[in-house]
Every structure is written in structure tokens, then in C-alpha cells.
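Q: need a 3D model of the following:
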Amino acid sequence: MSGIGIVNLLETGVTLNLGSGGTLWITDRFGLNGQLIYKLSALGGDLQKSHIFGTAGIVYSLNLGGYNSRIWERKH
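A: Now for the predicted structure:
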């Protein structure tokens, strides 16, 4: 995953956001989600320094027509 963001704190700056993440499906409905993102302060915005941040969460799938297979059920 990647993206470009515009930060407007007290002055406008441009950031480049690069990251990776995924979901580990524990059941066909519930999974654990994690992401690690590096935000590079590219242009301006001295108040927004470059930094790394992560997220973690629990996700629930409505499963409207699809199937989320658990890792141990996938065929290699």
C-alpha cells in the first residue's frame, strides 16, 4: 500500500505514505488486522516530522458472497 497525503496543521506540507499490512482470518467471520506505515514528510510541513506508526484491530466479515479461508485451510 502507498499513498500521498496533504497535511495542514499550521502550514501545509506533503507526505508520502508507504506501508504494509494484512488480515489473519481466525474464523470465517473474525480476523486480526495489522498495518505498519512510514510517513515521509516530503515537502514543507516542519511540524509534521517523518515517522513510523502501526495499527492493529479485530475485523468482522459480513461474508456477502465470498469466503475467507483460514490459513490452515488453504491449499498450498
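Q: what residues of the helix or strand hosting G34 count as buried?
A: Element membership for G34, per DSSP states H and E: strand 30-44. Going by neighbour count (16 or more other CB atoms under 10 Å), the buried part of strand 30-44 is 31, 37, 39, 41. Bear in mind the C-beta positions are built from the backbone N, C-alpha and C, glycine included.
Q: now do the contacts for T55.
A: Contact partners of T55, counting by CB atoms under 8 Å, 6 or more residues apart in numbering, are 21, 33-35, 37.
Q: for V14, which three-state class applies?
A: strand (DSSP: H, G, I helix; E, B strand; the rest coil).
Q: burial count for it?
A: 15 (other CB atoms under 10 Å).
Q: distance of it from L40?
A: V14 is 10 Å from L40, where distance means CB to CB, to the nearest Å.
Q: same question for S61.
A: 32 Å.
Q: what's the weakest-modelled helix or strand in this protein?
A: strand 2-8 (a mean of 60; mean pLDDT, DSSP states H and E).
Q: my guess is Q35 contacts G54. True?
A: Yes - if you go by CB atoms under 8 Å, Q35 and G54 touch, sitting 6.4 Å apart.
Q: show me the shaky parts of this structure.
A: Scanning the chain for pLDDT under 70 picks out 1-13, 42-48, 63-76.
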